[in-house]
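Trainee: Need coordinates for the following:
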Amino acid sequence: MITIHTDIAKPIQEVWDKWTQPTHIMNWNYAGDDWHCPASEADLQEGGRFTHTMAARDGSFSFDFSGTYNVVKSLAEIRVILDDQRGWITTFEETPQGTRVTESFDPESMNPEDMQRAGWQMILDRFKGYVEAS
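Mentor: The predicted structure follows:
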């Protein structure tokens, strides 16, 4: 598994809400400025599904990132099985400074792990910036 994290200077409830609600997800769920997330759906319950559309801003490429929630512990943990059968775990921990978000995910086999780590970290950093700016 690859693990990344960030510390966000906001209360855990606010961090959780902005991580799980599609209206917020569309504002941060992409790595670079030449991408965006034009659509997001999430049925946040065990057995529920999510789909986030990632798209190049110039319209040249898009794909859906989707899976099934298999564990949802409010304000604490989300475990997902992605449609390609990889696992993804996100945890939320209250800290004296705010909230720590940690993600662990099974790497895919097409890209080097360093590239995957960097891409996921960029998205997590964008999330932190979005939450802290609001």
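
Trainee: which stretches of the protein form helices?
Mentor: 12-20, 22-25, 113-133 (DSSP state H).

Trainee: of all the ones you listed, which gets the most neighbours per residue?
Mentor: With neighbours defined by mean count of other C-beta atoms under 10 Å, none of the helices of the chain is more surrounded on average than helix 12-20, at a mean of 18. Where you see a C-beta, it was placed from the backbone N, CA and C, and this is true even at glycine.

Trainee: quick one: contacts of that helix?
Mentor: Outside of helix 12-20, the residues within contact range by C-beta atoms under 8 Å, 6 or more residues apart in numbering are 8, 24-25, 28, 42, 44, 74-75, 78, 90, 92-94, 98-99, 101, 127, 130-131, 134.

Trainee: next one: stretch 80-89
Mentor: By C-beta under 8 Å, 6+ apart, the list of residues contacting stretch 80-89 from outside reads 1, 50, 65-70, 77-79, 90, 103-108.

Trainee: And the buried ones among the residues you listed, selectable in PyMOL?
Mentor: Here the buried members of the contacts of stretch 80-89 are turned into a PyMOL selection, burial being counted by 16 or more other C-beta atoms under 10 Å:
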select buried, resi 50+67+69+78+79+90+103+105+106
